[in-house]
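>>> Quick one, what's the 3D model for this:
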Amino acid sequence: MNRILNANVFFLISFFSSCFFNSQVRPNIIYGDYSGYWTSQNNTATYVTAQDTNNLIGFNVGGTNYATGVNNAALTSHGVSFVNENYRAFPTAFSVTSTSTNFLIGIPRYVNGVLQDQTNKPSLSCDTSLGYYLRDGLNGLDLSTAVFNIPTQNLTFFVNVLADINPTCIDDNIPDIIVTQVGAPSTNFDVFKFTDAAGNTVGVQKDVNFSTITPSGTALWSFYFAGNCPHNYNSGSGFSGTTRDIRVLTFKLSDFGITLSNYTSALKFVQVLSGDSDVAFSAYSTNSMSMYCLENAVTTGTALDTKSGITSLGRAGSETSTDNWPMVRKGGFLALESNKKPFIPTRHTTAGLANITNPVEGMLVYDTTENCLKVYVNSTIGWKCYNKKTCP
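Residues are numbered from 1 along each chain as shown. Take a look at the predicted model:
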């Protein structure tokens with residue numbers, strides 16, 4: 001009797017462990033746009049090492065190919081059938097001070113075929129935030145740029161208004177989140193989780209030891225010191241001109257214990273970095289959730305004059321005029337000015353939005369039903385209230 005009970009307990013523990021601690025999935029195949037089209041399953045010589053810009057255009061999980069929305073035509077032209085999804089990098093922003101020589105920015109060894117070394121790319125400007133390298137490329141899904149050995153910290157991504165997770169995606173068995181590790185991982189764990197407004201975990205957290213994950217491919221890198229300004233080229237032995245493994249994992253919302261009963265409490269997605277994390281990007285499905293971020297505006301550099309404007313104050317003039325308007329309104333394409341009249345966009349009820357034929361991405365209207373400015377995202381997502389700022 002005791003032996004049977006112990007066996008049952010062991011089964012339950014094993015089941016619990018597999019469901020809640022090993023539910024992340026490594027893609028069987030990843031697809032990129034290096035040299036137009038690139039595919040890899042592991043880091044053996046069987047598969048080509050990416051040496052130039054390489055955006056993730058798709059991946060295979062459980063025998064199904066998922067397109068990221070970056071270049072569906074490349075997949076189609078190479079006979080790859082797929083589920084049409086749309087993934088974007090989380091709007092990452094972070095700033096750290098570290099003098100560690102292992103804290104590095106990585107870019108592809110070649111950019112458009114040009115070698116990136118001390119001669120052709122002597123340094124990277126500090127006008128570009130470090131977070132940019134975790135969300136650059138097409139849809140932010142560039143596998144060939146990354147920040148290596150990011151000091152221990154939390155990267156926090158704010159899920160949009162009232163936890164704007166699409167509840168129909170919670171149990172649809174389609175990957176909702178993609179994470180990457182593109183360096184030489186240690187045995188330390190990175191942690192991924194959803195939290196509420198107070199920072200409490202909603203559902204369960206996922207602890208990932210990337211050193212146990214089989215690589216999906218390899219890439220050739222050039223490295224620059226992230227802790228210096230400017231970011232000088234790293235010419236040290238074992239760095240620039242060497243390869244690193246690419247590791248990719250996918251998660252479903254349900255892997256985090258997100259359910260219909262708790263998803264509205266999931267206000268943040270948090271990535272807890274181990275101190276040895278080498279991140280190209282972390283991404284989410286725009287079908288599953290929408291995001292916003294709180295990145296500070298860039299205030300350095302030279303803002304260009306605004307060349308066009310409409311004013312009711314009678315002061316539009318040339319560059320030599322006293323008011324120098326609209327040129328003085330730096331950094332814009334168009335300036336509108338009045339001290340008595342506001343700008344009024346097109347107004348529609350929610351139902352009336354259906355009368356707008358052929359909407360295009362970025363179109364703006366004011367929804368008089370929901371009392372918010374709305375932007376048209378795409379044919380899948382449609383119109384969304386535009387009341388949280390987002391990162392590019």
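
>>> which SS class is residue 157?
With DSSP: H, G, I helix; E, B strand; the rest coil as the basis, residue 157 sits in strand.

>>> How confident was the prediction at it?
pLDDT, residue 157: 85.

>>> likewise residue 390?
52.

>>> same thing with residue 221?
Per-residue confidence for residue 221 comes out at a pLDDT of 98.

>>> can you count the residues close to it?
Other residues near residue 221 number 27, with proximity taken as other CB atoms under 10 Å. No exception for glycine: its C-beta is placed from N, CA and C like everyone else's.

>>> Return the residues in contact with it.
Residues counted as contacts of residue 221 (CB atoms under 8 Å, 6 or more residues apart in numbering) are 106-109, 239-244.

>>> Going by residue numbers, what spans are helices in the stretch 1-150 of the chain?
Ranges of helices within the stretch 1-150 of the chain are 2-21, 72-77, based on DSSP state H, counting those that start in this stretch.

>>> Give me the neighbour count for the closest residue to residue 67 other than its chain neighbours.
With CB to CB, 6 or more residues apart in numbering as the measure, residue 82 is the residue that lies nearest to residue 67, at 4.3 Å, once sequence neighbours are left out. Counted with other CB under 10 Å, the neighbours of residue 82 add up to 18.

>>> mean pLDDT for the helices of the stretch 1-150 of the chain: which is lowest?
Confidence, taken as mean pLDDT, is least for helix 2-21 of the helices of the stretch 1-150 of the chain (a mean of 38).

>>> In terms of pLDDT, where does residue 292 sit?
Looking at residue 292, its pLDDT is 63.

>>> scratch that, residue 110
What the model reports for residue 110 is a pLDDT of 97.

>>> Domains in this protein, by residue range?
Dividing the chain into domains by automatic domain parsing, as the record does, gives the ranges 18-292, 302-339, 347-385.

>>> ok, and which of those domains has the densest surroundings?
Burial among the domains of the chain, expressed as mean neighbours by mean count of other CB atoms under 10 Å, is greatest for domain 18-292, which shows a mean of 19.

>>> Tell me how far the residue nearest to residue 67 lies from residue 63.
Look at residue 82 and residue 63: by CB to CB, to the nearest Å, they are 12 Å apart.

>>> Give the rounded mean pLDDT of stretch 131-138.
The predicted model assigns stretch 131-138 a mean pLDDT of 93.

>>> and if you look at stretch 57-66?
When pLDDT is averaged along stretch 57-66, the result is 98.

>>> ok, residues contacting that stretch?
Surrounding stretch 57-66, the residues in contact under the criterion CB under 8 Å, 6+ apart are 25, 27-33, 67-68, 70-72, 74-75, 80-83, 85, 141, 174-175, 178, 248, 250.
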